[in-house]
Each structure stands twice: as C-alpha cells, then as structure tokens.
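Novice: need the 3D shape of this:
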Amino acid sequence: MQEELKILSAAASGSISLLESLITPAITLDFTDGDGLSALIHAAANGYTTITAILINAGAKLDLQDKYGRSALMFAASRNHSETALLLINAGANLELTSKLGETALIRAASYGNSEITKYLLNAGAKLELQNEFGWSALMRAAYSGHTDVVSVLIGAKAKLDLQDEDNWSALMWAASNGHTNTVAILIRAGAQLDLQNIHGATALMISSYYGHISTASLLIEAGANIHLQEKAGATALIWASANGHLSLAERLMAAEEQLDKNHFDAEPKK
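Specialist: Model prediction:
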C-alpha cells in the first residue's frame, strides 16, 4: 500500500520521475484515496497531461469515479485542461458517464465555459441532450453562466433550444434570469421560443423583468415577446418590474404596451 500511496502523491504533485520509478508490473495503478480519487483522476484534475499519458499507457482505468461520481475526464473538462481532456477522449474515456448529480463531461465543460473541450467532446460523439438530475442540459448550463462561445458551439451542433428542465425552465429563461443579454440574443437568433412558460407560468421576459435586467428585457420585447402574458398568480412582466422597484424597466414595458395598442388601433379598418 505504501507504493500505491506514493503513486497517488506523485500524480497529484506532478512528479514525473517519481511516478516512472514507481510503476512496475506488480503495482496497483487504480488504488484510490479516501475520496475515491485515483492517480489518473489526480493527474487529470491538475492538468498534468504527461503524467496522465504515462498512467494511461501503463494501463490505468480511464473511467474510475470518485465518491461524487466524477471521472478523470469530468475533472479535466470542468477545470479547463483541454490537452488532458483530449488525451482522455482519444484514449476512449466514457463520454456518457455521469456523476451522482447526473452530469456528463459535456455538461461540465459547458458549465465552466470551455468551448474547446466542448468541441472535442461533440466531435467524439458526446450526446447533446443528456440532462442532469435537475433536468439541466449542456446548453442550459452554458446559458445560465453566459458562456456565449459554448452556447454558439452547442447551437451549431443542433442542440435543442427549447428543452426544459424539471421546473420547465429553458436555456432562454436561464440566460434572461442572469441578464446575459448577448446569450439571449444568440438564442433568439437561433429560433428559441420567446414565450415558453415555466411551472409557475413565468416567461423569459417576466423573469428578466423581475430581476430588473432592462437590456435583456428590452431585447426580448423587440424580438416580439408577449408582454401581456400572465403567470399563474396573474402577474405580468410589468407588474413584476413595478413590484420590485425597477421603474425604468416598468416605463419601458408601458411604452411597449402603448405602442402595441397604437399599432392595433392603426391596423383597424376605418369606417
């Protein structure tokens, strides 16, 4: 066991010479510590690509998971270690393996905004629409954090724009909730449905109005979002903006309502 502990230490610290001196036919490469971390996971988590390669070539198991269900590839994907991630992908790491929260390497790469690793995973055949235990897809995770590059990559790979999570939130709603206007713009241009409603009946416009994201709300209004829709308690985007003290946004919504009324009046046939 002492030799196995030394291998864990060498992998975690990045000591190539020590690791190479410890690897023998009799050594157990897949020994794990109290957190379920193997030498390969330690190496991948730290972006030690050379050590990762040495361990793979020596026969280390690619898809061991720690106590939270995270694999070496998941760690590399979430810590932006692109070269290490590509090495693991090319070595045959399982792309559809999930953590205890149901997250794949693709979902983790999208969450942390690494478009390069996202492309590697997609090119290797990672499934776009897998969802974690909360129903979040890779696109939702990227949209939530405003990772526009990743969102664009996923849309280019034909991710489903209107997939909804367990509470019926879409990627557009998550982007709108955090005021990620550029991400919202990308999703709108790609054809995301503007007026999907979550389990409470709220739309992306209502959500952005609730939080006072005036640029995001204005973009949704200009794109044609329905300003008259009500959530289940009867509130509209205007009511939510006003109730939360977002007066400039409330004025913007009232102006939009007035313009709609005027357009409707002008369109009516004159007697």
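Novice: show me the contact partners of the helix or strand harbouring Thr118.
Specialist: Take DSSP states H and E as the rule and Thr118 turns out to sit in helix 115-123. Contacting residues not belonging to helix 115-123 are listed as 76-77, 80, 82, 85-86, 89, 95, 105-106, 109-110, 128, 138, 147, 149-150, 152-154, 157 [CB atoms under 8 Å, 6 or more residues apart in numbering]. Glycine gets a C-beta too; all of them are placed from N, C-alpha and C.
Novice: what is the three-state secondary structure of the nearest residue to Ala45 once chain neighbours are set aside?
Specialist: Excluding its sequence neighbours, the residue lying closest to Ala45 (CB to CB, 6 or more residues apart in numbering) is Phe75, at 3.9 Å. For Phe75, the secondary structure call by DSSP: H, G, I helix; E, B strand; the rest coil comes out as helix.
Novice: separation between Phe75 and Asn198?
Specialist: Taking CB to CB, to the nearest Å as the measure, Phe75 falls 32 Å from Asn198.
Novice: so which of those two has more stuff around it?
Specialist: Between Phe75 and Asn198, counting by other CB atoms under 10 Å, Phe75 is the more crowded of the two (25 against 19).
Novice: quick one: contacts for that one?
Specialist: Counted by CB under 8 Å, 6+ apart, Phe75 has contacts Ile41, Ala44, Ala45, His81.
Novice: so where's the stretch 151-271 of the chain shaky on pLDDT?
Specialist: 261-271 (pLDDT under 70).
Novice: need the helices for it, in chain order.
Specialist: Taking DSSP state H, counting those that start in this stretch as the test, the helices found in the stretch 151-271 of the chain are 171-177, 181-190, 204-211, 214-223, 237-243, 247-267.
Novice: picking up where we left off before, keeping just the C-alphas, turn the helix or strand that the helix holding Thr118 is followed by into PDB.
Specialist: The C-terminal neighbour of helix 115-123 among helices and strands, as given by DSSP H and E, is helix 138-145. Extracted as PDB, the C-alpha positions of helix 138-145 are listed here (Å, rounded to 0.1, in the frame of the first residue of the first chain):
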ATOM      1  CA  ALA A 138     -25.300  21.400 -21.500                       C
ATOM      2  CA  LEU A 139     -27.000  24.300 -23.300                       C
ATOM      3  CA  MET A 140     -28.900  25.300 -20.200                       C
ATOM      4  CA  ARG A 141     -25.700  25.300 -18.100                       C
ATOM      5  CA  ALA A 142     -23.800  27.400 -20.600                       C
ATOM      6  CA  ALA A 143     -26.700  29.800 -21.000                       C
ATOM      7  CA  TYR A 144     -27.100  30.200 -17.200                       C
ATOM      8  CA  SER A 145     -23.500  31.300 -16.900                       C
END
